[in-house]
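# sequence below, structure please.
(one chain, ligands or ions: 2)
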Amino acid sequence: MPTLDADLVARKLGYAASSDLILHLPMRYQDETRLTPLRDVRMGIDVLVEGVIVHAEVQMKPRRQLLVEITESAAPSSPHLYFRLLHFYPSQLNQLQPGARVRLYGEVKPGFFGTEMVHPQLRVVRENTPLAATLTPVYPSIAAFSQNAVRKAVEIALRQADLSETLPENVLKLVAGCGERSEPHHALSHDDDDRSGSSLTASCGLPSFADAINALHHPEPDADLNALEMQTTPAWQRIKFDELLAQQLSLRLAARQRQKLIAAPLSHAQELENRLLAALPFALTGAQKRALDEIHRDLARPHPMNRLLQGDVGSGKTLVAALTLLPALAAGGQVAVMAPTEILAEQLYLKMCEWLQPLGMQVAWIAAATKGKAKKDSLARIASGEINIAVGTHALFQAGVSFANLTLTIVDEQHRFGVGQRLALREKGNDINAMHMPHLLMMSATPIPRSLAMSYYADLDVSVIDELPPGRTPITTKVMSLKRRDEVIGRLRDYCQTGAQAYWVCPLVEESEKLQLRAAEESYAELVELLPELNIGLVHGRMKGEEKAAAMTAFKAGEIHLLVATTVIEVGVDVPNAALMVIEHAERYGLAQLHQLRGRVGRGARESTCLLLYGDALSDSGRQRLRIIKEYSDGFTIAREDLKLRGPGEFMGARQSGQQILRFANLETDLDLLEAARNTAEHLLTQQPEVANRHLARWLPRGLDYLRA
Ligand code: ADP
Ligand code: MG
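Numbers count the residues shown, from 1 in each chain. Ligands and ions are numbered 1, 2, ... in the order given. As a prediction, the model looks like this:
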């Protein structure tokens, strides 16, 4: 038999080298450390049994199979067990003859002849062949390799690999390794206070790396299989901690790298700011001022700002964005303002024009639909530096758009952009000098879960606007059955005839854009027919940019009473006179969406109402979502409830990033370890950098690219 090529197995399993196989961890284990006497076998349980063949025959019916009968001893009372092989080789036929002793591992089932195993793992043995000393690992594999081949390859790797300790005793002692864990808490980043060290409960500590690796590949016979499967044993804790530590170290190193990047330091543009603020009918809220102070401090540094501005819907992020532009504009730099949808970008564009044109600034609009001469003109004026502010969708960062002096980029609702788009945006200001980057301000109404903030965004600074502008009337949220739809439509008529405006959000059809469009058009047609007294408009995602803009402008101007819409109005749309929203089949929407939608009302002095209409097929989770949205108005609380229901799904593009990078640790359940790793990383980089390097050499021998995002 040719010797096994462990490197080949490793490569086929997706690793770079056989040494990586030490971290190819078992999915589960088989207990081959003890034999179960035949009289003790229980149905449905995997066991190792041994016996001597008393009968073997190839049957042709009901299908070709080899049926073998074994027993433990010659005593007439000795129980028998059958096993069947549906595929077998002639060599097996020769081996499996009466008198031969076999050891079988498999599940015991009731069979036609009596107790049986179908296709057990089987070995012909001599009497008193030693049993396994430890549990037998079952590895993830691919069709090309048998378990035995993978086991052998891992054995080779374990013998050859370096299992030496990377971490000093003091670190291992500090981390709880006994498997006890507190309930994971998804605190949100606005209470991301510095709790360094406090969450590390002193206890028996983590095992050494070598011990952990051995305990995972070859657990002791009395190991707690359940804890192993749940990945909560000290050995598992050690591996997860190591992985998280490597991630934290590399994030911090990448952050340090970024600190070396250069950006134009921008000073506070007091004069422009005074002029802008003087033109507003209101004063900044305390929270807006605080956020702005933090932003000013970032801008004054010669390194690019990397800040997230978080604030609930309606908290006034747009104004903070406009004020953030001023230092860049005063310094003669250009600013790009980007939003994920055209409607949103358009709203930003209008605000920027309203607030900044009076200060003598030139604002340009770039979207996918901008074509021909208009586009060419805009592009030329952006490239020449004549345009101070370019607002648009991601079209702003496509090829062909080039800035003369991009100094600051602002991204609204940034979590809706993919990682790729975010990267393209970072590269944009980077054309001329690789070390030079524009400042970056991101905005979002969706709070990042604390675990993600800590793991993926190690050096993201966060400002939170935790206060709504004064004078907002709270929104009353009502939940009712769609059976009362006619009644609701009747009340809508009266309501709109008083001069108020309303939104009608059509049922969500996720499966297809076409069906979504049809749902919107049907709702629209029906409402037009039922409410001939009202002017009714329609906006949906499939409309052309200008059509959408025309409908929105008419709604804003009060020419339309009732706007029928899909989720295109979910974010950013700002019409203070619209104070009623009806959401049809609200149970189909997610919590974040409902909250964003509802945030379109409650923006003016009028008392605002949101009616959530649910259909007959209301699931438990749908009911729960409606209860949460009715009960809470604060976005942070809703996001936390959402996390409880769903886990950290797609927050901040997590799906493409932080989550899949971790092979062993789980951001939802291993938050304690993550905190410990974060604190340890900080400690090591400042106090014991050689330890940090050693640890990274084991865990990330080939470096990681994603960290540059
Ligand atoms: P969001 O944070 O959801 O993007 P916006 O920036 O759209 O919120 O602001 C919502 C509304 O509040 C806008 O009409 C805006 O002009 C208004 N606004 C912003 N700041 C204040 C303030 N300090 N006082 C009163 N109204 C404000
Ligand atoms: Mg906004």
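
# contact partners for Cys506?
Residues near Cys506 by CB atoms under 8 Å, 6 or more residues apart in numbering: Ala519, Ala520, Glu522, Ser523, Tyr524, Val564, Ala565, Thr566, Glu584. C-betas here are computed from N, CA, C, even on glycine.

# ok, the second one - how many residues close by?
Close neighbours of Ala520, defined as other CB atoms under 10 Å, add up to 25.

# setting aside sequence neighbours, what's the nearest residue to the residue of the stretch 601-709 of the chain found nearest ligand 1?
Nearest residue of the stretch 601-709 of the chain to ligand 1, counting by CB to the nearest ligand atom: Arg603, 5.6 Å away. Excluding the flanking residues, the one nearest Arg603 by CB to CB, 6 or more residues apart in numbering is Pro576, at 4.5 Å.

# could you do Arg625 as well?
Leu591 (5.3 Å).

# residues touching that neighbour, list them.
Neighbouring residues of Leu591 by CB under 8 Å, 6+ apart: Arg625, Ile628, Ile629, Ile638, Ala639, Glu641, Asp642, Leu645.

# and if you look at Leu515?
Going by CB under 8 Å, 6+ apart, Leu515 touches Val509.

# so how far is the helix or strand where it lies off the chain centroid?
Taking DSSP states H and E as the definition, Leu515 sits inside helix 513-530. Chain-centre distance of helix 513-530: 33 Å, with CA atoms, centre = their mean, to the nearest Å.

# cool, stretch 529-544 as well?
For stretch 529-544, the distance to the chain centre is 36 Å (CA atoms, centre = their mean).

# mind listing what's buried in stretch 267-280?
Within stretch 267-280, the residues that count as buried by 16 or more other CB atoms under 10 Å are His268, Ala269, Leu272, Glu273, Leu276.

# is the residue lying closest to the first one once chain neighbours are set aside in a helix, a strand, or coil?
Read it as His268. The shortest distance from His268 to any non-neighbouring residue, by CB to CB, 6+ apart, is to His296 (5.3 Å). Classification of His296 by DSSP: H, G, I helix; E, B strand; the rest coil places it in helix.

# same deal with Val479?
strand.

# ok, it touching Lys630?
Yes - contact criterion CB atoms under 8 Å: Val479 and Lys630 qualify, at 5.3 Å.

# contacts for the helix or strand hosting Ile70?
Under DSSP H and E, the secondary-structure element containing Ile70 is strand 65-71. With contacts defined as CB under 8 Å, 6+ apart, strand 65-71 is touched by 38, 51-59, 78-86, 88, 92-93, 96, 102, 104, 113.

# same question, stretch 144-154
4, 6, 9-10, 12-13, 18, 21-22, 24, 136-139, 141, 217.

# now that stretch, how far from the centre of its chain.
Relative to its parent chain, stretch 144-154 has a centroid offset of 33 Å by CA atoms, centre = their mean.

# flag every buried residue along it.
Quick answer for stretch 144-154 (16+ other CB under 10 Å): Phe145, Ala149, Val150, Arg151, Lys152, Ala153, Val154.

# can you narrow those residues to ones near ligand 1?
Near ligand 1, judged by CB under 6 Å from any ligand atom, there are no entries from the buried residues of stretch 144-154.

# make a markdown table from the residues you listed and add pLDDT to it.
Listed next are the buried residues of stretch 144-154 as a markdown table, based on pLDDT from 0 to 100:
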| residue | pLDDT |
| --- | --- |
| Phe145 | 83 |
| Ala149 | 91 |
| Val150 | 94 |
| Arg151 | 94 |
| Lys152 | 94 |
| Ala153 | 94 |
| Val154 | 95 |
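
# narrow those to those in helices?
Ala149, Val150, Arg151, Lys152, Ala153, Val154 (DSSP state H).

# can you give me the strands in the stretch 451-600 of the chain?
For the stretch 451-600 of the chain, the strands defined by DSSP state E, counting those that start in this stretch occupy 461-465, 475-481, 501-505, 536-539, 562-565, 578-583.

# circling back to that earlier point, please point out which parts of the helix holding Leu515 sit buried.
For helix 513-530, a neighbour-count test (16+ other CB under 10 Å) marks Gln516, Leu517, Ala519, Ala520, Ser523, Tyr524, Leu527, Val528 as buried.

# up against ligand 1, what does this structure have?
282, 284-285, 288, 311, 313-319, 445, 469, 572, 574, 603.

# please tell me I have it right and Asn535 contacts Ile560.
Yes - in this structure Asn535 lies within contact range of Ile560 using CB under 8 Å: 4.9 Å.

# please say which of those two ends up with more neighbours.
A count of neighbours by other CB under 10 Å puts Ile560 above the other of Asn535 and Ile560, at 24 against 16.

# wait, what's in contact with the more buried one?
Taking CB under 8 Å, 6+ apart as the criterion, Ile560 is in contact with Gln501, Asn535, Ile536, Gly537, Ala551, Ala554.

# mind running it again at 6 Å?
Taking CB atoms under 6 Å, 6 or more residues apart in numbering as the criterion, Ile560 is in contact with Asn535, Gly537, Ala554.

# distance of it from ligand 1?
19 Å (CB to the nearest ligand atom, to the nearest Å).

# could you list the low-confidence segments of the stretch 201-350 of the chain?
Within the stretch 201-350 of the chain, the stretches with pLDDT under 70 are 201-204.

# what ranges do the strands span in it?
Applying DSSP E, counting those that start in this stretch to the stretch 201-350 of the chain gives strands spanning 306-311, 334-338.

# residues making contact with the shortest one?
In other words, strand 334-338. Under CB under 6 Å, 6+ apart, the answer for strand 334-338 is 325, 328, 348, 389-391, 396, 403, 405-406, 408-411.

# who does it pair up with?
Strand 334-338 has the following strand partners under DSSP bridges: strand 389-392 (parallel), strand 406-411 (parallel).

# as CSV, could you dump the C-alpha coordinates of the longest one?
Presented in CSV, the C-alpha positions along strand 406-411 are these (Å, rounded to 0.1, in the frame of the first residue of the first chain):
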residue,chain,number,x,y,z
LEU,A,406,-11.6,64.4,-2.8
THR,A,407,-11.1,65.3,0.9
LEU,A,408,-14.1,63.7,2.6
THR,A,409,-16.6,61.0,1.8
ILE,A,410,-19.9,60.6,3.5
VAL,A,411,-21.9,57.4,3.2
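
# per-residue confidence for the residue in the stretch 351-500 of the chain that ligand 1 sits nearest to?
Relative to ligand 1, the nearest point of the stretch 351-500 of the chain is Pro469 (3.2 Å; CB to the nearest ligand atom). Per-residue pLDDT puts Pro469 at 87.

# before we move on, what about Leu482?
pLDDT, Leu482: 94.
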